[in-house]
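S.K.: Okay, predicted coordinates and the sequence, questions at the end:
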Amino acid sequence: MGRLYAVEIVYRGIFQKTLAKNLSRAIVLAAHREGKPGISFGRYGDSPERNGIPAKNFAIVATDDLTLEEGMAQYEPKQVDVTIAVDDTLCKGVESWAWYGLQPINRLLKPGGTLIVTSHEEPSALVEMMHRKEHPYRLAIVKATPSFSGLWVYKDDHTDVRILGALAKLMPELFSLIALQEVIAAEWKDQLKATSALRAYERINTVDVQPTQGNPEKPYQFEFAKWHEMREGLAIPSIPRGEAVTDARSGQTGGYRPARNPTFKKFTTRTMRPVVDFDKCIKCTLCWLQCPDSCFDVMPDGMYDANMEACCGCGVCEAVCPEANCITMVNETEFRDNASQWELWRADKEGYARWVSDKIAARPERSHGFRFRGQYEQQVPGELAGARDA
Ligand code: SF4
Ligand code: SF4
């Protein structure tokens with residue numbers, strides 16, 4: 001029996017769909033040039049992709065046809081040699097839409113496998129975000145801003161070939177740099193992209209991550225019910241009513257927290273989160289009314305606290321808030337927990353003001369992707385120059 005290689009690409013639905021497809025397809029094409037058959041496919045979840053929802057593509061490559069056929073006799077790989085995360089906020093965990101709870105980004109990695117992340121963060125910052133793994137693995141960072149685009153347009157900032165160049169270096173048994181250069185010449189016909197792949201190949205390096213490193217939180221676990229354990233018929237529990245919220249400090253009542261799905265952690269969709277400056281809030285209710293995910297808890301003092309377990313980071317609340325700098329969207333990589341901002345503010349208002357001004361220094365671009373014609377023509381040359389200097 002020959003050898004089977006599996007690569008998964010974890011990406012944000014819609015915004016990075018073409019990027020993920022480019023990666024899985026080029027992996028198979030490059031391996032094929034060296035006599036290794038392969039297949040590239042997207043995983044079917046029990047929901048369509050939605051903006052920002054974590055989704056997956058796979059590239060499976062074998063040393064011969066029979067091994068490939070044998071390896072494909074399953075729904076999706078149970079273990080992978082390489083995981084590619086094309087947005088560093090995915091390191092906090094991923095959940096495709098409402099079907100099996102938050103899962104660690106490194107969940108499928110084999111012992112000694114490699115996790116490639118596009119990020120400007122240092123390895124230590126990413127390791128802190130990722131769940132602990134029972135065995136060591138390698139972390140490699142392709143220095144890049146997460147590349148988001150739209151459904152019908154693609155931001156060709158070379159993230160695809162830079163990741164492929166890094167992969168050629170880290171896993172030469174999958175495909176060589178020469179095979180990759182041939183694929184770039186045939187598919188993209190762009191010498192600049194070939195140069196970007198070469199630069200990434202030359203510069204990539206790895207750090208080892210040990211089982212003692214990372215987020216110690218226990219990931220969500222589940223077991224499929226056996227057929228004889230299943231209930232007769234199908235009953236979908238309705239969402240219960242919410243609960244009253246009381247201020248533990250003053251005893252004041254009158255708050256309200258809507259009930260939420262305890263399993264589906266929508267926050268894995270988030271690449272940025274709202275930071276609320278409660279001292280600026282005029283209690284106009286607009287954020288609470290307009291939030292598409294009912295994320296705001298109404299606090300006993302009439303403030304609105306965006307619940308970070310539920311917020312998917314869409315930015316609507318920032319857009320509708322009438323007070324300047326009252327709600328500011330901030331890069332998700334700046335945070336390590338989902339704690340209540342209102343509780344922080346209540347505990348120490350001066351400290352909270354310092355925390356807010358520190359956090360809002362890290363404001364991302366106010367869009368996940370395409371907004372106007374000519375946008376990428378403006379942005380990409382500068383980004384490519386930055387990538388060359390990195
Ligand atoms: S960013 Fe604001 S509006 Fe959007 S889901 Fe989060 S709290 Fe709601
Ligand atoms: S929209 Fe702004 S001012 Fe209005 S309640 Fe929300 S945070 Fe306060």
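M.R.: Thanks, I have it. Everything numeric here is computed off the predicted structure, so don't read it as measured data. Residues are numbered from 1 along each chain as shown. Ligands and ions are numbered 1, 2, ... in the order given.

S.K.: can you point me to the longest strand in the protein?
M.R.: When the chain is parsed with DSSP state E, its longest strand is strand 109-119.

S.K.: So which bits of stretch 296-308 are buried?
M.R.: For stretch 296-308, the neighbour count (16 or more other Cβ atoms under 10 Å) marks F296, D297, V298, M299, P300, M303, Y304, D305, A306, N307, M308 as buried. Placement of C-beta: from N, CA and C, glycine included.

S.K.: Just the terminal-to-terminal distance for that stretch.
M.R.: 9 Å (Cα to Cα, to the nearest Å).

S.K.: Equivalent analysis for stretch 228-245, please.
M.R.: 41 Å.

S.K.: quick one: that stretch to chain centroid distance?
M.R.: In terms of Cα atoms, centre = their mean, to the nearest Å, the centre of stretch 228-245 is set 29 Å apart from its chain centre.

S.K.: and the buried residues of stretch 296-308, which two are the farthest apart?
M.R.: Greatest spatial distance among the buried residues of stretch 296-308 (Cβ to Cβ): P300 and M308, at 19.2 Å.

S.K.: which parts of the helix or strand harbouring I178 are buried?
M.R.: Element membership for I178 (DSSP states H and E) is helix 177-187. By 16+ other Cβ under 10 Å, the buried positions in helix 177-187 come out as L177, A179, L180, Q181, E182, V183, I184.

S.K.: One more: stretch 153-169?
M.R.: So, applying 16+ other Cβ under 10 Å, buried residues of stretch 153-169: 154-169.

S.K.: Against which helices or strands is the helix or strand of the chain with the lowest mean pLDDT packed?
M.R.: For the chain, counting by mean pLDDT, DSSP states H and E, helix 375-389 ranks last in confidence among helices and strands (a mean of 82). The contact analysis (3 or more Cβ pairs under 8 Å, 6 or more residues apart in numbering; DSSP states H and E) places helix 375-389 against helix 191-203.

S.K.: And the helices in the stretch 1-150 of the chain?
M.R.: With helices called from DSSP state H, counting those that start in this stretch, the stretch 1-150 of the chain shows them at 17-32, 65-71, 123-129.

S.K.: Pick out the shakiest of those, pLDDT-wise.
M.R.: Mean pLDDT across the helices of the stretch 1-150 of the chain is lowest at helix 65-71; the value there is a mean of 90.

S.K.: one step back: could you identify which of the helices of the stretch 1-150 of the chain is most buried?
M.R.: Ranked by mean neighbour count, the helices of the stretch 1-150 of the chain are led by helix 17-32 with a mean of 23 (mean count of other Cβ atoms under 10 Å).

S.K.: and the gap between the residue of the stretch 1-150 of the chain found nearest ligand 1 and ligand 2?
M.R.: Across the stretch 1-150 of the chain, the shortest distance to ligand 1 (Cβ to the nearest ligand atom) belongs to G52, at 10.4 Å. G52 sits 22 Å away from ligand 2, going by Cβ to the nearest ligand atom, to the nearest Å.

S.K.: quick revisit: quick check: which of the helices of the stretch 1-150 of the chain is nearest to ligand 2?
M.R.: Nearest to ligand 2, of all the helices of the stretch 1-150 of the chain, is helix 123-129, at 27.3 Å by Cβ to the nearest ligand atom.

S.K.: Pull the residues that contact that closest one.
M.R.: Helix 123-129 is contacted by residues 88, 91-92, 117, 119, 139, 141, 207, 209, 213-215, 333, 336 when judged by Cβ atoms under 8 Å, 6 or more residues apart in numbering.

S.K.: so which of those is the most crowded?
M.R.: Highest neighbour count within the contacts of helix 123-129: C91, with 28 neighbours (other Cβ atoms under 10 Å).

S.K.: Now for it: which residues touch it?
M.R.: C91 touches A85, I105, V117, L126, M129, M130, counting by Cβ under 8 Å, 6+ apart.

S.K.: Contact partners for the first one?
M.R.: Neighbour list for A85: V10, C91, I105, L115, I116, V117, T118 [criterion: Cβ under 8 Å, 6+ apart].

S.K.: Quick one: the strands in the protein, in order.
M.R.: Assigned by DSSP E, the chain shows strands spanning 4-12, 38-42, 54-62, 80-85, 109-119, 137-143, 206-209, 243-245, 255-257, 272-276, 296-298, 304-306, 327-331.

S.K.: Would you mind listing the outside residues contacting the longest one?
M.R.: Around strand 109-119, the neighbours that count as contacts under Cβ under 8 Å, 6+ apart are 79-88, 90-91, 105-106, 126, 130, 133, 135-147, 159, 163, 166-167, 170-171, 206, 209, 333.

S.K.: if we go to 6 Å?
M.R.: Under the contact criterion Cβ atoms under 6 Å, 6 or more residues apart in numbering, strand 109-119 has outside partners 79, 81-86, 88, 106, 126, 135, 137-142, 144, 146, 166, 170.

S.K.: follow-up on the earlier one: which among the contacts of helix 123-129 gets closest to V245?
M.R.: Of the contacts of helix 123-129, the one sitting nearest to V245 (Cβ to Cβ) turns out to be R336, at 24.3 Å.

S.K.: Could you list the low-pLDDT ranges of this structure?
M.R.: For the chain, applying pLDDT under 70 flags the ranges 44-48, 97-99, 388-390.
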